[in-house]
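In: any chance you could fold what I've pasted below:
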Amino acid sequence: MERGLLWLPLLGIFIWLAGSGWHEYRKVEAYQDWAKGFQKSKYDIFAVLGLNGREITWGKPTRRGPVDLATLSLDDVRSIWLLIDHKSVDLEMDLEDLPTRSGEIELEFQLKNEGISVRIPFTEIQMAAQWARFLEGEFQNELQGRPQNELLNPDVTRDSSAST
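Out: The predicted structure is shown next:
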C-alpha cells in the first residue's frame, strides 16, 4: 500500500507530460498547415512568423492554428532591430559571438509612421539573428533596387522545425 502511494505522484507526472507533449504536437501540426501559404516561415513556442513577398504575418501558436494574427509590409518599415533583454544587438556580429542565454529575444520593426514599433518574440537567439539578417537584407534590397531574393540564405529558407 505504501509503495503504491509513493508511485502515484510519478504516474500523475507521467500523464501530465504525455498530455503536454500531445498538446505541443497538435500546435506544430496546426502551424505546418498554416505555413503552407508562405515562402518562409518559423515556429517556436512564443510565435509563428510567415513571409510572403514583402508581407510579414505573425501570431501566437495554438492547437487550432495561429491566433492574434497581424500583418505588416516591409514597405512600412523604417528599421529592423534584434533585441536581447531589451537591448539592441549588432546584426553584423558573428552568430557564434552572440550571447547564448537570454531572458527576452525579439525582432523589433520600427515603422515609418509616428514612431510605432512592432515586436515579435523568439526563443532562440540564433534563429532570431538569422531572421533579422534576412529581413534586413530584404529591406536593404528594396532600398537599393535589387531583386528581393538575391540575398536568400538557405539556412533560413524554411524553418518548419519546432524549437524548444
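
In: can you give me the strands in this protein?
Out: 40-43, 48-52, 55-60, 67-73, 77-84, 87-89, 105-111, 117-122 (DSSP state E).

In: wait, what's in contact with Thr62?
Out: Thr62 sits next to 27, 30 when contact means C-beta atoms under 8 Å, 6 or more residues apart in numbering. Glycine gets a C-beta too; all of them are placed from N, C-alpha and C.

In: could the strands of the chain be laid out in TSV, adding distance to Leu6?
Out: Formatted as TSV, the strands of the chain follow (distance: least, C-beta to C-beta, whole Å):
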stretch	distance to Leu6
strand 40-43	39
strand 48-52	42
strand 55-60	39
strand 67-73	41
strand 77-84	44
strand 87-89	48
strand 105-111	41
strand 117-122	40
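
In: winner for burial among the ones you listed?
Out: Highest mean neighbour count of the strands of the chain: strand 40-43, a mean of 24 (counted as mean count of other C-beta atoms under 10 Å).

In: and it, what does it pack against?
Out: helix 2-35, strand 48-52, helix 125-144 (3 or more C-beta pairs under 8 Å, 6 or more residues apart in numbering; DSSP states H and E).

In: tell me what angle the longest one forms with strand 48-52.
Out: If you take axes from the mean of the first three to the mean of the last three C-alpha atoms, to 10 degrees, helix 2-35 sits at 10 degrees to strand 48-52.
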